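In: quick one, fold the following:
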Amino acid sequence: MTSLAIVDAFSNLSDPRRRAGQRHQQALCLALFTLAVTGGCRGFLAIGDWLSVYREELVELFAPAKGCLPSYSTIDGCYWI
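Out: Okay, the predicted model is just below:
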């Protein structure tokens, strides 16, 4: 994953998820969700739609592991936020 200021801002937070539940880096998820909400998204479906619309740009910019972004179910399951 590329080091960007928005990801770095979340990188020192402790991750309450079990090791088995860590498909995506917490800092990346928080950065993406923050950008989506800043872009006007409200709720997990809107955030998921935003991630889908901008998928290519986000993957190019953030270079996530395996080129994967969080899915709707991942976003909906983010009770740890």
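
In: what about the closest residue to residue 47 other than its chain neighbours, helix or strand, and which?
Out: Closest residue to residue 47 apart from its sequence neighbours, by C-beta to C-beta, 6 or more residues apart in numbering: residue 36 at 4.3 Å. Every residue, glycine included, has its C-beta placed from N, CA and C. Per DSSP states H and E: residue 36 is located in helix 26-38.

In: for that helix, packing partners?
Out: For helix 26-38, the packing partners by 3 or more C-beta pairs under 8 Å, 6 or more residues apart in numbering; DSSP states H and E come out as helix 5-10, helix 44-53, helix 55-62.

In: of all these, which lies closest to residue 30?
Out: Within those, the stretch nearest residue 30 is helix 5-10; the backing value is 4.2 Å (C-beta to C-beta).

In: quick check, central residue of the protein?
Out: Nearest to the mean C-alpha position of the chain, by C-alpha atoms, centre = their mean, lies residue 29 at 2.1 Å.

In: give me the low-pLDDT residue ranges for this structure?
Out: Residues of the chain meeting the criterion pLDDT under 70: 1-3, 16, 20-22, 78-81.

In: and residue 60, how close does it get to residue 69?
Out: 11 Å (C-beta to C-beta, to the nearest Å).

In: who's more crowded, those two?
Out: Using other C-beta atoms under 10 Å, the more surrounded residue of residue 60 and residue 69 is residue 69, with 19 against 10.

In: what residues of stretch 26-44 count as buried?
Out: Buried positions in stretch 26-44, judged by neighbour count with 16 or more other C-beta atoms under 10 Å: 26, 27, 28, 29, 30, 31, 32, 33, 35, 36, 41, 44.

In: sorry, back to before: look up how far residue 25 lies from the closest residue to the residue nearest to the centre of the chain other than its chain neighbours.
Out: Of all residues not flanking residue 29 in the chain, residue 70 sits nearest, at 5.6 Å (C-beta to C-beta, 6+ apart). Applying C-beta to C-beta, the value for residue 70 to residue 25 is 10 Å.
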